[in-house]
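Chemist: Here is a sequence together with a model predicted from it:
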Amino acid sequence: MRKRSTVTTSITEIETYGVERIPDEDRSARPLDLFRLAFGGANTFATCVLGAFPVLFGLSFVQGLAATVLGLVAGAALLAPMALFGPANGTNNAVSSSAHLGVHGRIVGSFLSLLTAVAFFSISVWSSGDALVGGAHRLAGVPESGVLYGLAYALFGGLVLVVCLYGFRFMLLVNKVAVVAASALFVLGAFAFAGDFDPGYAGSFASTADPLFWPSFIGAALIVLSNPVSFGAFLGDWSRYIPASTPRRRVMGAAFLAQLATLLPFVFGLATASVIAEKGARYLDPAAPNYVGGLLAVSPGWYFLPLCLIALIGGLSTGTTALYGTGLDFSSVFPRFSRVRATLFIGVLSIAFIFAGRFALNLTQSISTFATLIITCTAPWMVVMILGYVTRRGWYDADAIQVFNRRQRGGRYWFTHGWNWRAMSVWLVSAAVGLLFTNLPGQFVGPLGDLAGGADISLPVGLVLAAVMYLALLAVFPEPRAVYGPAGPRFARASAAGVPPISGGPEEPADVPATAH
């Protein structure tokens, strides 16, 4: 529905915009702000834990560093184009996906981002809460107990929820502080572990000829790659406040550089994991790894307080970026919910889920697996979006994208009863095949998971299959000419099929021009 312009200039004002198009006069964010939010959301303990995986897989420090750089650069390159939809359409990526999957097909992106956000919010609160309690125990002798852990989770989850309710500008302030503070504390860690760190840490492979080396190397790189991919559905949550006239290279550059900057927490995790492997190997038992516990065990006493601050600052940043997007996506699936109500509803459910998983169901490992499987399903959706953007030359009809929000029907993106069967088929097949190739030993192994010698190749298989299938379907079954805008398609054919007019709903279509960016 059309809403009056509400320019929010203070962090104490609650953001009123949901998934409707942000008016041009209210878009004042810069690519630098996108950098702060994307980098701040990953500059935390959760990323350090991912950085420890190369050592868990038996790689040396140098080999692990190579796998980390490879995965990070590839993931950042895949993620960067996902930042373009926000400025083009003034809404989040799930709603923008209406242009490719259909008005009803947008729910695929909404539920993928919803599930991913809940999973990463839970991981963030768990890891940060555990670090805070463990640090307090080592620093001040505070006894560890279920009650203390519960208080830490409740306090931390509630704080994240408050920030998300206030919205974008409050989040931006938090991340302005978090980016600088957490980065400085990670750099301080270089001095804390300098005496114990050995860059020549050899790992467990005598040579690269070992039959398990390459599966381990590829697996480590893919775990790192999954971190940028996890942001694919969320970039539009923040970039929608960037003016449509902003050069695309600057928007993509901010998203790309934000992921490259996460080399800091990744290398911190990798380096400290190698120290833990030498001084406290029991904490890196592949059957039950406890990186945070190991980090606290090998840290010098004076670094306990900085570790607690990293847990608080970084976890707050990650939690807010995840939960904020969750509220937006829930309100896009159920338009009658405002952003604030949707955020409050999902936030309370997520906090209850955290308590159930930590104290009743012991779901910590299962949630990590769940997040990996969701990312495997998200990657093909990203491919459809990116290739769709290229074939449409970045042109979208912002009014037709908002049809569902006005409870109307028809428009350029109605396709077949609100579904674009081409894009939907690509996503369904590619995600299903990717799951078949998943190989998470001891957690989830798909029927085809052992075909690559034990390496988990689900992500590259899903990405390649989605790209080939989508371009092939666009060539064999072209989309209507009307969806491509004035310049026509690029690298695709167009059909002469007509599109139904927008009709129904409580009001006439808003006078919102199409965007060409």
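Modeler: Right, received. Where do you want to start? Numbering: from 1, shown residues only.

Chemist: all strands for this protein, in order.
Modeler: 395-396, 439-440, 444-445, 479-480, 494-495, 515-516 (DSSP state E).

Chemist: quick one: which of those strands is nearest Leu312?
Modeler: strand 439-440 (30.1 Å; C-beta to C-beta). To be clear about C-beta, it is placed using only N, CA and C from the backbone, and glycine gets the same treatment.

Chemist: quick one: pLDDT of the residue found closest to Gly200 once you drop the neighbours it is linked to in the chain?
Modeler: With sequence-adjacent residues excluded and distances taken as C-beta to C-beta, 6 or more residues apart in numbering, Gly200 is closest to Phe61, at 7.3 Å. Phe61 carries a pLDDT value of 96.

Chemist: neighbours around the closest residue to Val251 other than its chain neighbours, how many?
Modeler: Closest residue to Val251 apart from its sequence neighbours, by C-beta to C-beta, 6+ apart: Ala83 at 5.0 Å. For Ala83, the count of nearby residues is 28 (other C-beta atoms under 10 Å).

Chemist: and Ala83, what pLDDT?
Modeler: 97.

Chemist: Check Arg240 too.
Modeler: On the pLDDT scale, Arg240 gets 92.

Chemist: what sits against the nearest residue to it once chain neighbours are set aside?
Modeler: Spatially, and ignoring its direct neighbours in sequence, Arg240 is nearest to Gly86 (3.8 Å; C-beta to C-beta, 6+ apart). Contact partners of Gly86, counting by C-beta atoms under 8 Å, 6 or more residues apart in numbering, are Asn92, Asn93, Ser96, Leu235, Gly236, Asp237, Trp238, Ser239, Arg240, Tyr241, Ile242.

Chemist: Throw these into CSV and include distance to Gly135 and neighbour count, thanks.
Modeler: Output for those, formatted as CSV (distance: C-beta to C-beta, whole Å; neighbours: other C-beta atoms under 10 Å):
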residue, distance to Gly135, neighbour count
Asn92, 35, 29
Asn93, 36, 31
Ser96, 41, 27
Leu235, 32, 27
Gly236, 36, 30
Asp237, 31, 28
Trp238, 30, 29
Ser239, 35, 30
Arg240, 37, 27
Tyr241, 35, 23
Ile242, 37, 25
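
Chemist: Could you save those as TSV and add columns showing distance to Gly75?
Modeler: Listed next are the contacts of Gly86 as TSV, based on distance: C-beta to C-beta, whole Å:
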residue	distance to Gly75
Asn92	20
Asn93	16
Ser96	21
Leu235	13
Gly236	18
Asp237	19
Trp238	18
Ser239	18
Arg240	22
Tyr241	24
Ile242	22
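
Chemist: And the closest residue to Leu79 other than its chain neighbours, how far from Gly498?
Modeler: Distances taken as C-beta to C-beta, 6+ apart place Pro228 nearest to Leu79, at 4.3 Å, with adjacent residues excluded. Remark: distance between Pro228 and Gly498 (C-beta to C-beta, to the nearest Å) = 40 Å.

Chemist: Which of the two has more residues huddled nearby?
Modeler: Neighbours per residue, other C-beta under 10 Å: of Pro228 and Gly498, the larger number sits with Pro228, 28 against 9.

Chemist: Name all residues that make contact with that one.
Modeler: Neighbours of Pro228 in contact, by C-beta under 8 Å, 6+ apart: Leu72, Gly75, Ala76, Leu78, Leu79, Gln259.

Chemist: and what of Arg36?
Modeler: Counted by C-beta under 8 Å, 6+ apart, Arg36 has contacts Leu172, Asn175, Lys176, Val179, Ala258.

Chemist: Is there a quick PyMOL command that grabs whichever of those residues are buried?
Modeler: In PyMOL syntax, the buried subset of those is picked out as below (16 or more other C-beta atoms under 10 Å):
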select buried, resi 172+175+179+258
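
Chemist: Now, the contacts of Arg36 that are in helices?
Modeler: Those of these mapping onto helices are Leu172, Asn175, Lys176, Val179, Ala258, per DSSP state H.

Chemist: Quick check: closest non-adjacent residue to the third one.
Modeler: The spatial neighbour of Lys176 that comes closest, neighbours along the chain excluded (C-beta to C-beta, 6+ apart), is Arg36 at 5.8 Å.

Chemist: What distance do you get for the one you found to Pro228?
Modeler: Arg36 is 16 Å from Pro228, by C-beta to C-beta.

Chemist: Likewise for Ser124?
Modeler: 17 Å.

Chemist: And for Arg481?
Modeler: 35 Å.

Chemist: do Phe85 as well
Modeler: For Phe85, the distance to Pro228 - C-beta to C-beta - is 16 Å.

Chemist: ok, now Pro87?
Modeler: 19 Å.

Chemist: Repeat that for Leu465.
Modeler: The separation that Leu465 has from Pro228, given C-beta to C-beta, amounts to 20 Å.

Chemist: low-scoring stretches of the stretch 301-450 of the chain, by residue?
Modeler: Applying pLDDT under 70 to the stretch 301-450 of the chain flags residues 325-333, 335-336, 338-339, 357-368, 371, 442.

Chemist: and what of the stretch 151-300 of the chain?
Modeler: Using pLDDT under 70, the stretch 151-300 of the chain drops low at 167-168, 287-288.

Chemist: quick one: the helices in it?
Modeler: For the stretch 151-300 of the chain, the helices defined by DSSP state H, counting those that start in this stretch cover 168-192, 213-229, 235-239, 248-261, 263-279, 291-298.

Chemist: and the angle for the longest one with helix 263-279?
Modeler: It refers to helix 168-192. With axes from the mean of the first three to the mean of the last three C-alpha atoms, to 10 degrees defining the directions, helix 168-192 sits at 40 degrees from helix 263-279.

Chemist: Tell me the buried residues in helix 168-192?
Modeler: 168-172, 174-175, 178-179, 181-183, 185-186, 189, 192.

Chemist: Out of those, which is nearest to Leu448?
Modeler: Looking across the buried residues of helix 168-192 and measuring by C-beta to C-beta, the closest to Leu448 is Phe186, at 38.7 Å.

Chemist: so who does that closest one touch?
Modeler: Contacts of Phe186 by C-beta under 8 Å, 6+ apart are Asn43, Leu264, Pro265, Phe268, Ile310.
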